[in-house]
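>>> here is the input, now give the coordinates:
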Amino acid sequence: MTRVWKSLISSIREGIAYVAGGLKVIAEICIIIITSSTNFTCSRLRSAVSPPLSALGRLLPALHRTWQVQAVHSWASIVIRTSRKIFAYLAAATTQPLRRIGILATPRHGHTDGVHGLRMAGTSSIVILLIAATLGISAFSQITPNAYHSRNHPATSRQQAHEPLSISATTPNISWLITRLTAFEKHLAFKKAVIPPAPLPPRLAGGAPLSPHEVFAFLPYWSLNNIPQVNFSDITTVSYFAVHLQSDGSIMQSGSGWSGLESQQLSDFITSAHQASTRVVLTVNCFSQSSLNNLSAHPVSTGTTLARQVINILRSNNLDGLNLDLEGTGAQDRQGLARFVATVSTAIHAADPHWQVTMDTYASSAGDPYGFFDIKRLAPSVNAFFIMAYDMNAIGTPSPTSPLSNGTSDYNAQNALSEYTSVVPGSKVILGLPFYGYVWPTAGPALGDPATGEPMPETYSQIMSGNHQVYWDASTDTPWMSYQVGSQWYQAFFDNPTSIALKVRLANSYGLRGVGAWALGMEGSHSSMVAALAGNASVIKTPPQGPTTPSPAPTANGSTSSTPPAGLSGSTTTTTTTTTTTTTTTTTTTVPTSSFYGTYSGQEISLTLIQRSSISGYNLYPAGTITGFKTGNPSFACLTAGIPIPVYGIAGSPRQFVAQAIKGPQCTSGTWLFSTRPVNSTPLTSTASTQQLN
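Numbers count the residues shown, from 1 in each chain. Got it, this is the predicted structure:
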């Protein structure tokens, strides 16, 4: 009797788990389907579904521990086992695929006429229950929480296929949609390769591991069944993402990542890339902290194991190198990780010195002595670092994922490059940029309005499919959107060809090895994204200003004053009215916040602040520096300390010049236009006008 009682309890507990897991996964599937067509509904549905499912998930462990449930388990097992057999008979005609993969037991006996009639009558409802139970098993065994990063990196840039986040994750920096797609595509079907890929042309196969200027892009395995149209002339290296690294240094030879590696789809892609003189490398990833700890604790043995397997894979698949995507936290693994990477890299380069070894690192890693990556120690082992300069959103604040400068987060591309190039040569650095963004529910339409819920990641293609007005945030040099669905406001922050092109210029100014993107396919049909990444596209006109907060407020004299807009609309003039104070003793001239002055070739000149994109069509040449910079604008106050600002002449316009400060070489960034005509001697008035050009 005791055995039966325990069996009943176990079955009830198992049934509860099946139902909860099935409901959870079905909800997530619905959310993903809705996401593809109605982004705002997805966010609201997820917000509604997540709390009760999370509560149920927390309740289950407690139920498992209670003696009451254990007591019922034995009795329930008899019912459950009998029901399973009946269900197997009832759904025999409609659940053949489930039996083929071993989830359901195949009936051992034929059915009677009575059972056959019952099966025909109840097939629809039973199949639904079976699918829910099956998905429940999948959910409980595969969808497990994954720790996200500490302050060393605000968010996980690419969630691991084998350890996706749960639906109840609350951090705003998680690529949730990408994670969910990754989780549900673990069983993608790929054609086994029968035609091997063509090798890299000899002139490249025997050359340097990296091109003089790298354009490095990832191809995720879930894109193999719908490989995007790639202009290989714009890309030098594609990294296939990914196969999973285990704690002993071996590669997991299962799952869709491994199946994709062995697929005809990837083989054909490699052939096409090689024919266009584009390298294809393999990404090996691991996001499990416990596995990373073990790899670092035994760096020689685990590194040797990985190198041996990678060398075999590279040779058998005509691949051209290795990309390591090892994302952990804390400083405990810094030394061990460096030894592990050195072991792997030494073996791979010994097997073929022309293979490349790159490593993905956080944007903050070079400046963080307590972080997971020791950039200086790792540098001798890799041909280049791929800086994941994305997911740098300010926690809890609607903000860009990849700000070029400033922003509400401590992380931005300029800070990252300044820190990296102070530790390693620029030739060891590839700036990685996002082809995706985040959509936030907000309290209002204005830039700066608070979030009212979690953000949802969306690809560039998805964001642009809404056909909403694109605005420009001049403080971070990134685009954004503000739109309303029903009574709910949403703000989208992302990168477009203009912001990509600006960051490519920044990378060039630091003398980097190149730039890269996560990930191919996210741009959809917008080929301008890859063109901008490759530097083959001009910076398009920046979008108009968007609503900002706070709103204009009345001043003492009845006029209004406002902060200059965060975006631009063609040639925009902003006028600020202030009161004029007259003193009887001396006359003091105060430089307004909207005015800029300096000295060039002995002349005092007036500077007009412009967008960097305004000079995209100019043919510039070095023409000295500006000294004695003056302004009342606090954003540029550091330049008034005597820092020289480089000047460039404009070919064809002998009296027109551009002054450009870049954070890193200078203390901040800014671009100004000026002429050598004498500055207007009229005293400064209470009204100042600044024209921002495009």
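>>> quick check: residue 593 is in a helix.
No - under DSSP: H, G, I helix; E, B strand; the rest coil, residue 593 falls outside any helix and is assigned coil.
>>> ok, now how distant is it from residue 662?
Distance of residue 593 to residue 662, computed by CB to CB, to the nearest Å: 22 Å. No exception for glycine: its C-beta is placed from N, CA and C like everyone else's.
>>> ditto for residue 529
Residue 529 sits at a distance of 24 Å from residue 662 (criterion: CB to CB).
>>> between these two, which one's more packed in?
Neighbour tally, residue 529 and residue 662, criterion other CB atoms under 10 Å: the higher count belongs to residue 529, 24 against 21.
>>> could I get the CA-only coordinates of the one helix or strand the more buried one maps to as PDB?
Residue 529 is located in helix 528-533, with elements delineated by DSSP states H and E. Taking C-alpha atoms only, helix 528-533 is exported to PDB below (Å, rounded to 0.1, in the frame of the first residue of the first chain):
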ATOM      1  CA  SER A 528      22.200  49.500 -46.400                       C
ATOM      2  CA  MET A 529      23.100  48.200 -42.900                       C
ATOM      3  CA  VAL A 530      25.900  45.900 -44.200                       C
ATOM      4  CA  ALA A 531      26.900  48.600 -46.600                       C
ATOM      5  CA  ALA A 532      27.300  51.100 -43.800                       C
ATOM      6  CA  LEU A 533      29.200  48.500 -41.700                       C
END
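>>> in the biggest strand by length in the chain, what's buried?
The longest strand of the chain (DSSP state E) is strand 620-631. For strand 620-631, a neighbour-count test (16 or more other CB atoms under 10 Å) marks 626, 629, 631 as buried.
>>> need the residues you listed in CSV (columns: pLDDT and distance to residue 462).
Output for these, formatted as CSV (pLDDT from 0 to 100; distance: CB to CB, whole Å):
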residue, pLDDT, distance to residue 462
626, 89, 44
629, 90, 43
631, 90, 41
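>>> got those residues as a markdown table, with distance to residue 496 columns?
Shown next, in a markdown table, are the buried residues of strand 620-631 (distance: CB to CB, whole Å):
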| residue | distance to residue 496 |
| --- | --- |
| 626 | 31 |
| 629 | 32 |
| 631 | 30 |
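>>> just give me the closest of the residues you listed to residue 194.
For the buried residues of strand 620-631, the closest approach to residue 194 (CB to CB) belongs to residue 626, at 65.0 Å.
>>> now for residue 400, how many residues are close by?
Neighbourhood size, residue 400 [other CB under 10 Å]: 28.
>>> against residue 482, how distant is it?
Computed as CB to CB, the residue 400 to residue 482 distance reads 14 Å.
>>> any residues in contact with both of these two?
Counting by CB atoms under 8 Å, 6 or more residues apart in numbering, residue 400 and residue 482 have no contacts in common.
>>> each with direction, which strands does the longest strand of the chain pair with?
Using DSSP bridges, strand 620-631 pairs in its sheet with strand 596-600 (antiparallel), strand 645-650 (antiparallel).
>>> any idea which of these gets closest to residue 326?
With CB to CB as the criterion, residue 326 lies closest to strand 645-650 of the strands paired with strand 620-631, at 38.9 Å.
>>> what's in contact with the closest one?
With contacts defined as CB under 8 Å, 6+ apart, strand 645-650 is touched by 598, 600, 618-626, 629, 639, 656-661, 666.
>>> give me that answer again for 6 Å
With contact meaning CB atoms under 6 Å, 6 or more residues apart in numbering, strand 645-650 is reached by 618, 620-621, 623-626, 656-661.
>>> name the nearest of those residues relative to residue 339.
Using CB to CB, residue 661 is the member of the contacts of strand 645-650 that lies nearest residue 339, at 41.0 Å.
>>> that closest one touches residue 671, doesn't it?
No - between residue 661 and residue 671 there is no contact under CB atoms under 6 Å: 7.8 Å.
>>> for stretch 346-363, measure first residue to last.
Distance between the boundary residues of stretch 346-363 (CA to CA, to the nearest Å) amounts to 26 Å.
>>> list of residues touching that stretch?
Residues outside stretch 346-363 that contact it (CB under 6 Å, 6+ apart): 153, 209-210, 307, 311, 321-325, 345, 373, 382-389, 411, 416.
>>> quick one: neighbours of the nearest residue to residue 530 once chain neighbours are set aside, just the number.
Take residue 530 and drop its neighbours on the chain: the residue closest to it by CB to CB, 6 or more residues apart in numbering is residue 234, 5.1 Å away. Per other CB under 10 Å, the neighbour tally for residue 234 reads 19.
>>> wait, residue 234 touches residue 529, no?
No - counting by CB under 6 Å, residue 234 sits too far from residue 529 to count as a contact (10.0 Å).
>>> quick one: low-confidence parts of the chain?
1-187, 407-410, 537-543, 549-591, 614, 616-617, 619, 652, 664-665, 677-694 (pLDDT under 70).
>>> swap in 80 and give it another go.
Low-confidence segments of the chain (pLDDT under 80): 1-189, 394-396, 406-410, 536-546, 548-594, 612-623, 650-655, 663-666, 676-694.
>>> that older thread, which of the contacts of stretch 346-363 fall in helices?
Among these, the ones falling in helices (DSSP state H) are 307, 311, 345, 416.
>>> quick check, nearest of those to residue 192?
Comparing the ones in helices among the contacts of stretch 346-363 against residue 192 with CB to CB picks out residue 311 as the nearest, at 22.1 Å.
>>> how close does the closest one get to residue 304?
To residue 304, residue 311 is 11 Å away according to CB to CB.
>>> same check on residue 227?
Taking CB to CB, one finds residue 227 at 34 Å from residue 304.
>>> picking up where we left off before, run through who's touching the helix holding residue 529.
234, 435, 497, 500-501, 515, 517, 523, 537.
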